[in-house]
Structures are given as structure tokens and as C-alpha cells.
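Engineer: Sequence first, then the predicted structure:
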Amino acid sequence: CNDLQKDFEIAFAAVQQNGLAIEFVDESLSKNRRLVLAAVQQGGFAIEHLHYMLKRNKEVVLAAVQYDGESLYFAAEYLKKDRDIVLAAVRQNKAALVYADVSLQEDAEILVAATDEVLLNGVVEGEY
């Protein structure tokens with residue numbers, strides 16, 4: 001590992017440009033809350049490269065799914081059962097519903113959120 005991968009400021013600048021850069025930071029920085037949140041807020045799929053314990057952190061997963069709902073795929077199983085997480089994911093991207101626990105896939109509010117997105121996307125794209 002070179003010294004650049006251990007430098008917080010360089011790592012922070014990198015993940016602000018591309019969240020996936022979190023994959024290349026030194027292990028000593030890989031669990032830094034500020035760095036991890038910056039990465040997933042810039043690109044939800046950065047969660048794929050996080051330590052498994054961070055995939056169990058509700059704050060981190062919520063930030064990731066708010067950026068890209070489909071990043072729910074990489075969340076710990078128990079968070080796929082968390083209504084707040086799933087609702088945020090589906091509001092961001094209706095396709096995230098397939099990654100939710102089956103117990104939430106028929107939840108009325110979550111289905112409405114998924115349906116609303118479909119309707120809004122149809123109107124924005126001119127498909128009625």
C-alpha cells in the first residue's frame with residue numbers, strides 16, 4: 001500500500017469525485033465514518049466495497065439507498081427488513097423493491113411509493 005492511500009485528505013477528495021474510490025483506500029481509513037458517508041452519498045454502489053460491518057450500519061445504508069435505491073442489494077439482510085430503509089430505497093428507485101425482504105414487498109406504503117415513482121417517471125418522460 002502506498003502512502004497516498006493512507007492520506008485522509010486525498011482519499012476524501014477521491015471519494016467525493018467517485019464513491020467507488022473507497023475500494024482503494026487503505027484499510028486504516030476504510031471504516032472512517034466521514035469518508036464512508038461521503039463515498040456512499042456520491043455513489044450508492046460504493047457500499048459494495050465497504051467492510052461487512054458497515055453494510056449493517058443503518059446510517060450508512062440509508063445514505064447509500066437515498067443516492068441509489070438499488071444499492072439495497074448490498075445491505076445486510078436485517079436492513080432489507082427495515083421499513084425506513086426499504087421505503088427510502090423504493091422512493092429513490094422502484095426497482096429496489098426486488099431487494100427488499102419479502103415481508104415488505106407487499107407493504108401498502110412501499111407499494112404506493114413504487115407506484116408513484118412509476119407515474120412520475122411516465123409524466124416526466126411524456127409516457128402517459
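Structural biologist: Okay, I see it.
Engineer: For the residue sitting nearest the centre point of the chain, list the residues it contacts.
Structural biologist: In the chain, the C-alpha closest to the average C-alpha coordinate belongs to A64, at a distance of 2.0 Å (CA atoms, centre = their mean). Counting by CB atoms under 8 Å, 6 or more residues apart in numbering, A64 makes contact with 40, 44-47, 71, 74-75. No exception for glycine: its C-beta is placed from N, CA and C like everyone else's.
Engineer: at 10 Å instead, please
Structural biologist: Shown in contact with A64 (CB atoms under 10 Å, 6 or more residues apart in numbering): 19, 36-37, 39-41, 43-48, 50, 54-55, 57, 70-72, 74-75, 85, 88-89, 92.
Engineer: what kind of secondary structure is it in?
Structural biologist: helix (DSSP: H, G, I helix; E, B strand; the rest coil).
Engineer: any low-confidence regions in this protein?
Structural biologist: The chain contains residues with pLDDT under 70 at 1, 116-128.
Engineer: what about the strands in the protein?
Structural biologist: In the chain, no strands are found when defined by DSSP state E.
Engineer: Tell me which stretches of it form helices.
Structural biologist: Applying DSSP state H to the chain gives helices spanning 3-6, 8-17, 33-42, 58-67, 83-92, 108-124.
Engineer: so can I have a markdown table of these showing distance to F24?
Structural biologist: Converted to a markdown table, those look like this (distance: least, CB to CB, whole Å):
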| stretch | distance to F24 |
| --- | --- |
| helix 3-6 | 6 |
| helix 8-17 | 8 |
| helix 33-42 | 11 |
| helix 58-67 | 18 |
| helix 83-92 | 26 |
| helix 108-124 | 33 |
